[in-house]
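Peer 1: what shape does this take:
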Amino acid sequence: MYNSKIIGLGHYVPENIVTNDDLSKIMDTTDEWIQERTGIKERRWAKPGDGQSTFTMGLEAAKKAISNSGIQKEDIDFIVFATLSPDYYFPGPGVQVQEALEIDTVAALDIRAQCSGFVYSISVADQFIKTGMYKNILVIGSELQSHGIDKSTRGRSISVIFGDGAGAAILTREEDLTKGILSTHLHSEGKHALELATEAPGMGTRWVTDIIKDNDPEDFSYRPYMNGQFVFKHAVKRFSEVITEGLQKNNLEVSDIDMLIPHQANLRISQFIQKRFSLSDDQVYNNIQNYGNTTAASIPIALSEAHEKGKIKEGDTVVLAAFGSGFTWGSVIIKW
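Peer 2: Numbers count the residues shown, from 1 in each chain. Predicted coordinates:
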């Protein structure tokens with residue numbers, strides 16, 4: 001039996017910066033309104049036609065993670081790719097990365113757990129390494145969301161929040177069971193699925209042919225919907241529970257946390273959790289102010305950035321926590 005540990009991180013975001021003032025020119029909103037509700041100042045949106053996609057951004061993040069890991073791409077045994085915005089309906093982007101990296105026929109798995117996607121993917125990779133089936137696993141979280149949101153006043157509750165980007169990690173075996181990923185904790189509650197969802201196109205509900213047939217300009221079924229206050233209420237509850245669950249599993253106290261990296265859903269949620277656990281600013285890393293909510297990419301981007309800035313050191317206790325559509329939520333406890 002092994003533990004797994006992260007040995008390489010990387011992230012990528014589009015160059016195109018979209019500020020709150022930019023959004024105020026295309027919809028009824030203001031910088032003050034957006035910052036007050038979300039904490040976001042700007043986000044990155046890939047420009048249409050520039051060739052960027054969920055796959056290409058994930059690939060760039062993966063290349064950086066591999067470069068930082070000290071292993072060769074040929075050493076990778078398995079790829080896990082988390083996203084809700086794949087390039088194709090099928091196949092998923094995992095196989096696109098396998099092909100682009102020219103890694104001979106390694107397995108590639110796609111994870112659909114939305115904002116919890118990277119935490120779910122880390123957990124899946126961790127189990128494969130624990131059992132000895134694979135040694136080196138590439139985990140990616142990537143999203144291109146800006147092309148699918150309604151950038152009018154009607155869609156502003158969604159469009160002001162979400163951004164594009166990707167992050168990646170390389171996991172490998174750790175024989176010292178006091179180091180690396182100590183535990184992962186995953187949950188879901190499907191009864192609230194439609195409180196944060198994009199219903200169409202869906203094979204069993206409303207397919208593309210139905211949308212074309214109805215030709216309804218008021219059809220919002222293929223745009224993301226979020227019951228904001230309802231999601232906020234559940235998020236702060238589940239974040240708190242799953243962080244506590246992880247700490248208790250490993251006989252740790254809140255005071256043992258050196259770095260908490262929460263999913264960057266909303267700065268107000270992160271601040272609520274920080275206050276609930278009485279954590280200092282140095283114990284929590286947030287970057288939603290600059291990137292918005294990048295869904296499955298938010299945690300790996302923040303983790304990569306925090307590590308790059310020297311905020312995570314060997315021996316630190318690092319906690320990853322996420323909550324997202326489904327509802328899904330989870331945590332990862334790491335001894336770095």
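Peer 1: could you use CA atoms for every contact and neighbour count after this?
Peer 2: Fine.
Peer 1: how near is the residue lying farthest from the centre of the chain to Met203?
Peer 2: Largest separation from the mean C-alpha position in the chain: Lys213, at 34.7 Å (CA atoms, centre = their mean). Counting by CA to CA, to the nearest Å, the gap from Lys213 to Met203 is 15 Å.
Peer 1: go on, Ser123?
Peer 2: Counting by CA to CA, the gap from Ser123 to Met203 is 29 Å.
Peer 1: between those two, which is the more surrounded one?
Peer 2: Taking other CA atoms under 10 Å, Ser123 and Met203 do not tie; Ser123 has more neighbours (21 against 8).
Peer 1: ok, back up a step: state the helix or strand in which the residue farthest from the centre of the chain lies.
Peer 2: helix 208-214 (DSSP states H and E).
Peer 1: who's in contact with that helix?
Peer 2: 200-202, 219 (CA atoms under 8 Å, 6 or more residues apart in numbering).
Peer 1: which parts of that helix are buried?
Peer 2: Within helix 208-214, the residues scored as buried using 16 or more other CA atoms under 10 Å are Ile211.
Peer 1: just how off-centre is it within its chain?
Peer 2: Put simply, helix 208-214 sits 31 Å off its chain's centre (CA atoms, centre = their mean, to the nearest Å).
Peer 1: now it - C-alpha only, PDB.
Peer 2: Output of helix 208-214 as PDB, limited to C-alpha atoms (Å, rounded to 0.1, in the frame of the first residue of the first chain):
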ATOM      1  CA  VAL A 208     -30.500  20.100 -30.000                       C
ATOM      2  CA  THR A 209     -33.300  19.100 -32.400                       C
ATOM      3  CA  ASP A 210     -35.900  20.300 -29.800                       C
ATOM      4  CA  ILE A 211     -34.100  23.700 -29.500                       C
ATOM      5  CA  ILE A 212     -33.900  24.100 -33.300                       C
ATOM      6  CA  LYS A 213     -37.600  23.000 -33.700                       C
ATOM      7  CA  ASP A 214     -38.900  25.400 -31.100                       C
END
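Peer 1: what are the boundaries of the helices in the stretch 1-150 of the chain?
Peer 2: Secondary structure of the stretch 1-150 of the chain (DSSP state H, counting those that start in this stretch): helices at 20-24, 31-38, 54-69, 93-101, 117-130.
Peer 1: need the residues that contact the fourth one.
Peer 2: Under the criterion CA under 8 Å, 6+ apart, residues 54-55, 58-59, 73, 79-81, 86-87, 104-110 lie in contact with helix 93-101.
Peer 1: can you tell me the average pLDDT over it?
Peer 2: Averaged over helix 93-101, pLDDT sits at 98.
Peer 1: re the thing from before, what subset of the contacts of helix 93-101 is buried?
Peer 2: 54-55, 58-59, 73, 79-81, 86-87, 108-110.
Peer 1: nearest to Glu314 among these?
Peer 2: Lys73 (24.3 Å; CA to CA).
Peer 1: so where's the stretch 1-150 of the chain shaky on pLDDT?
Peer 2: Residues of the stretch 1-150 of the chain meeting the criterion pLDDT under 70: none.
Peer 1: state the distance from Tyr120 to Arg206.
Peer 2: 28 Å.
Peer 1: looking at those two, which one has more neighbours?
Peer 2: Between Tyr120 and Arg206, counted using other CA under 10 Å, the more crowded position is Tyr120 (28 against 14).
Peer 1: need the strands for the stretch 201-336 of the chain, in chain order.
Peer 2: 225-226, 259-262, 317-324, 328-335 (DSSP state E, counting those that start in this stretch).
Peer 1: who wins for proximity to Asp282 among these?
Peer 2: That would be, of the strands of the stretch 201-336 of the chain and by CA to CA, strand 259-262, which comes in at 7.5 Å.
Peer 1: just the CA trace of the closest one, in PDB.
Peer 2: What follows is strand 259-262, C-alpha atoms only, in PDB (Å, rounded to 0.1, in the frame of the first residue of the first chain):
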ATOM      1  CA  MET A 259      -2.800  26.400   3.800                       C
ATOM      2  CA  LEU A 260      -6.500  26.000   2.900                       C
ATOM      3  CA  ILE A 261      -7.300  26.300  -0.800                       C
ATOM      4  CA  PRO A 262     -11.000  26.400  -1.300                       C
END
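Peer 1: that strand packs against which elements?
Peer 2: helix 298-308, strand 317-324 (3 or more CA pairs under 8 Å, 6 or more residues apart in numbering; DSSP states H and E).
Peer 1: and Lys64, how many neighbours?
Peer 2: Neighbourhood size, Lys64 [other CA under 10 Å]: 18.
Peer 1: nearest residue to the middle of this protein?
Peer 2: Most central in the chain (CA atoms, centre = their mean) works out to Ala296, at 2.2 Å.
Peer 1: so it sits against Pro86, correct?
Peer 2: No. Ala296 is not in contact with Pro86 according to CA atoms under 8 Å; the separation is 11.6 Å.
Peer 1: strands along the stretch 51-200 of the chain, start to end?
Peer 2: So, for the stretch 51-200 of the chain - with DSSP E, counting those that start in this stretch - the strands run 78-82, 107-111, 137-143, 165-174, 180-188, 196-197.
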